[in-house]
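Undergrad: just coords:
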Ligand SMILES: C[C@@]1(CC(=O)O)C2=NC(=C\c3[nH]c(c(CCC(=O)O)c3CC(=O)O)Cc3[nH]c(c(CC(=O)O)c3CCC(=O)O)/C=C3\N/C(=C\2)[C@@H](CCC(=O)O)[C@]3(C)CC(=O)O)/[C@H]1CCC(=O)O
Ligand SMILES: NC(=O)c1ccc[n+]([C@@H]2O[C@H](COP(=O)([O-])OP(=O)(O)OC[C@H]3O[C@@H](n4cnc5c(N)ncnc54)[C@H](O)[C@@H]3O)[C@@H](O)[C@H]2O)c1
């Protein structure tokens, strides 16, 4: 059974620490910024890939610290993603986060994760997050590609129209809900 509970996080309201500046650090930083370009991120690693440095030039809220991980870096963080090539460091970061009740993702060790990143389909304001419960990230990626292909760009117009109707509707909560459910029946 997949017991994961999906939420959509306002990453720009949080300060995320990414530990590791290799391929995994790059993948996770790119994923965060692609969805939340104003996310506040600090990335710490003794070696930081050139692509991450380029991202930092484009995103002023991405700070890079070229040093090994230290517990002190957790001080003002809300969320942590760790993906170094040193399993002991990854475990230490996870344990430090648990002590401080900070949510942590250990990219290559699902058992140590409090949350997973998902594949993300975007059509304007519509966002669909896909998870396979960690079974196959590759399947999640492929399924994202399928959904990206079949969802029409005109969906944004539908959402804009529904927002306009939603804002104009009079009456109490139940009346508004009934009206919106009636109008959107055609989508089924
Ligand atoms: C969705 C996506 C989001 C993102 O990262 O942004 C994501 N992985 C993506 C791609 C991807 N990752 C890997 C491959 C190589 C092929 C393969 O192994 O399948 C590919 C495919 C590729 O890149 O083509 C390697 C890999 N990943 C994990 C392990 C460890 C393990 O499973 O034990 C290993 C083996 C490492 C090794 O062998 O050393 C673990 C996780 N990867 C997750 C998310 C979480 C579960 C998501 C779910 O529930 O499905 C979870 C549990 C934790 C986490 O990372 O949050 C992103 C696709 C974005 C997109 O394009 O849409
Ligand atoms: N590359 C992938 O697609 C992938 C996918 C899933 C899992 N993994 C696994 O994840 C791990 C990391 O992979 P990678 O490709 O990013 O490795 P990499 O060698 O490209 O990068 C490792 C990073 O960890 C940093 N690091 C090492 N010690 C550190 C410390 N004490 N504090 C902070 N940072 C530290 C290094 O400076 C470097 O930036 C590997 O064990 C790999 O097997 C890799």
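TA: Right, received. Where do you want to start? Not measured: the values here are computed from a predicted model. Ligands and ions are numbered 1, 2, ... in the order given.
Undergrad: According to the record, where do the domains of the protein fall?
TA: 11-117, 155-187 (automatic domain parsing).
Undergrad: measure the longest one end to end?
TA: Meaning domain 11-117. 13 Å (Cα to Cα, to the nearest Å).
Undergrad: What of stretch 111-120?
TA: Start to finish, the residues bounding stretch 111-120 are 22 Å apart (Cα to Cα).
Undergrad: Can you tell me which of the domains of the chain is most buried?
TA: Using mean count of other Cβ atoms under 10 Å, the stretch among the domains of the chain with the largest mean neighbour count is domain 11-117, at a mean of 17. Just so you know, the C-beta spots here come from the backbone N, C-alpha and C atoms, and that holds for glycine as well.
Undergrad: and it, anywhere near ligand 1?
TA: Yes - using Cβ under 6 Å from any ligand atom, we find that domain 11-117 touches ligand 1 at 27, 31, 105, 107, 108, 110, 113, 116, 117.
Undergrad: Which positions in this structure make contact with ligand 2?
TA: Residues of the chain lying near ligand 2 (Cβ under 6 Å from any ligand atom): 19-25, 44-47, 68-69, 83-86, 89, 107-108.
Undergrad: Name the residues that touch the lowest-mean-pLDDT helix or strand in the chain?
TA: In the chain, no helix or strand scores lower on mean pLDDT, DSSP states H and E than helix 173-183, which sits at a mean of 87. For helix 173-183, contacts defined as Cβ atoms under 8 Å, 6 or more residues apart in numbering pick out 162, 165, 166, 169, 171.
Undergrad: Pick out the residue of this protein closest to ligand 2.
TA: Of the chain, the residue with the smallest distance to ligand 2, taken as Cβ to the nearest ligand atom, is residue 22 at 1.9 Å.
Undergrad: What segments of the protein are strands?
TA: Assigned by DSSP state E, the strands in the chain fall at 15-19, 40-44, 62-65, 79-82, 103-106, 119-123, 126-130.
Undergrad: Which strands and helices lie in contact with the first one?
TA: This means strand 15-19. Helices and strands touching strand 15-19, by 3 or more Cβ pairs under 8 Å, 6 or more residues apart in numbering; DSSP states H and E, are helix 23-35, strand 40-44, strand 79-82, helix 87-100.
Undergrad: Recalculate using a threshold of 7 Å.
TA: Counting contacts by 3 or more Cβ pairs under 7 Å, 6 or more residues apart in numbering; DSSP states H and E, strand 15-19 is packed against helix 23-35, strand 40-44, strand 79-82.
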